[in-house]
Structure formats: C-alpha cells, structure tokens
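*Asks:* I'll drop the sequence and a predicted model, then ask my questions.
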Amino acid sequence: MKLIVLICGFLLTGFVQAGIYKCVNSEGKKSYQNSPCQSNSNAAELNLATGGSVAMDEKKQKELLLKQRQAEEQARLEEEKHKLQQLKQQRIAATEAENKKNLEIIKNNPGKFTAFAIPPYTLEDHPPLVDDFIERLPEIQKFRRLAAKKALFSGKCDRVEASELNLKSTKKSLVFLVECSNTQRMYFNESELSDI
C-alpha cells in the first residue's frame with residue numbers, strides 16, 4: 001500500500017511540474033492540456049500546487065517587462081562604466097600635466113630643487129599614502145609644487161630636497177611636508193597653498 005501511495009505521489013508531482021494550460025477557443029469552448037494553447041485562443045496557465053492561474057498574455061507581458069528592466073539596468077551599468085572610464089582618463093591627463101610642470105620647475109631651477117624633489121606620480125606608480133586620496137592625484141601633484149615654492153619663498157628653506165603628501169592628511173584637508181637641504185622641515189595644508 002505504501003508503495004502505491006509513493007508511486008502516485010511521484011506521478012502527481014511530475015504532473016504538477018509539467019504545467020496545465022486552460023485554453024478557450026473562439027467559440028468559447030474550454031479545454032485543458034499539458035502543452036501551451038494555440039495562438040488563436042485565450043489561454044491561462046494553471047498552478048495545481050496553489051490552485052491559481054496566470055493569463056498567458058499577462059505572463060508574456062511580465063516577461064517582456066522583466067527583459068525591458070534588465071536591458072535598462074544593463075544600459076545604466078554600461079553608462080556608469082563609461083563615465084568612470086572618462087573620469088579616469090581625465091585624471092590621468094590632468095596628472096600628466098601637473099607632472100610636466102613639476103619637472104619643468106626643477107629643470108629650470110637646479111639651485112633651488114634637487115632632481116628628485118617632486119618625482120612624478122601616476123595612477124599606477126605612487127607612494128602607498130596616496131592610495132587613500134588617489135581621486136585627487138592631480139591636485140596632490142600641484143600642491144607638492146606649491147608647497148615647495150612656498151617653502152623657498154619663506155626664506156627658511158635654502159633648497160628643496162623633497163615635497164610630499166604627509167600622514168597628517170585627511171579627506172577634508174591634505175597636508176604636505178617640505179624637507180630642505182638646511183634640515184628645515186615645513187608643513188603646509190591645502191588651504192594655505194590655495195592662496196598661491
């Protein structure tokens with residue numbers, strides 16, 4: 001007896017999972033089948049487990065709506081990816097421009113700057129501290145140059161050995177340390193450098 005009940009249970013489960021379709025033809029005649037209805041009839045898919053039904057047109061509309069939403073989400077993600085790529089290219093170009101200015105000022109003033117006073121940074125090649133502020137890399141390169149110039153203008157620094165982003169930096173305010181040949185160490189925050 002248990003075996004018969006078990007076999008019936010398996011058969012019923014397969015029947016339920018197969019899907020039952022209620023079809024209504026143009027004359028209003030109803031029929032039930034386990035394959036989708038002909039395209040010229042009204043159709044509903046019955047769920048034997050819950051007892052509910054879903055109109056096939058409604059089901060197709062939901063599937064189309066889902067596909068449309070997925071396509072829109074994919075387009076949004078692609079647009080976002082494109083914008084991030086553009087932003088990265090702009091950051092690279094701006095950093096290269098600042099690096100060029102830094103190298104130029106060192107080349108034109110060898111008595112005021114050592115050759116490695118403001119080495120170039122790139123998105124891939126920079127000190128670990130810069131990682132936390134990488135989106136501001138062009139500004140960092142500009143402020144390193146301005147900090148070095150301000151130290152020289154102060155009269156306390158005879159020659160710039162290094163101008164670097166300092167550990168005291170925060171997201172709200174970058175801090176730079178300038179080390180001089182005469183052992184002077186000078187700190188400048190970005191608000192002080194914005195005036196130059």
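*Replies:* In hand now; what should we look at? Here the structure is a predicted model, which means the values were calculated and not measured.

*Asks:* domain assignment for this protein?
*Replies:* Per automatic domain parsing, the domain ranges recorded for the chain read 16-51, 67-193.

*Asks:* among the ones you listed, which is the most enclosed?
*Replies:* domain 67-193 (a mean of 15; mean count of other CB atoms under 10 Å). Every C-beta, even on glycine, is put in place using the N, C-alpha and C of the backbone.

*Asks:* for that domain, how far is the first residue from the last?
*Replies:* End-to-end distance of domain 67-193 (CA to CA, to the nearest Å): 53 Å.

*Asks:* distance from the chain centre to that domain, please.
*Replies:* Offset of domain 67-193 from its chain centre (CA atoms, centre = their mean, to the nearest Å): 22 Å.

*Asks:* okay, and the helix or strand of this protein with the least pLDDT?
*Replies:* The least trusted helix or strand in the chain, going by mean pLDDT, DSSP states H and E, turns out to be helix 2-18, with a mean of 50.

*Asks:* which is the succeeding secondary structure element to the longest helix along the chain?
*Replies:* Longest helix in the chain, counting residues (DSSP state H): helix 56-108. In the C-terminal direction, the helix or strand that comes right after helix 56-108 (DSSP states H and E) is helix 137-153.

*Asks:* I92 touches Y121, doesn't it?
*Replies:* No. I92 lies out of contact with Y121 (CB atoms under 8 Å); the separation is 11.2 Å.

*Asks:* that older thread, could you export the domains of the chain as TSV, including distance to E58?
*Replies:* Shown next, in TSV, are the domains of the chain (distance: least, CB to CB, whole Å):
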stretch	distance to E58
domain 16-51	9
domain 67-193	15
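
*Asks:* show me the one of those that comes nearest Q61.
*Replies:* Q61 lies closest to domain 67-193 among the domains of the chain, at 10.3 Å (CB to CB).

*Asks:* so for stretch 116-125, mean pLDDT?
*Replies:* Averaged across stretch 116-125, pLDDT comes to 93.

*Asks:* got the end-to-end distance for it?
*Replies:* Span of stretch 116-125 from end to end, CA to CA: 15 Å.
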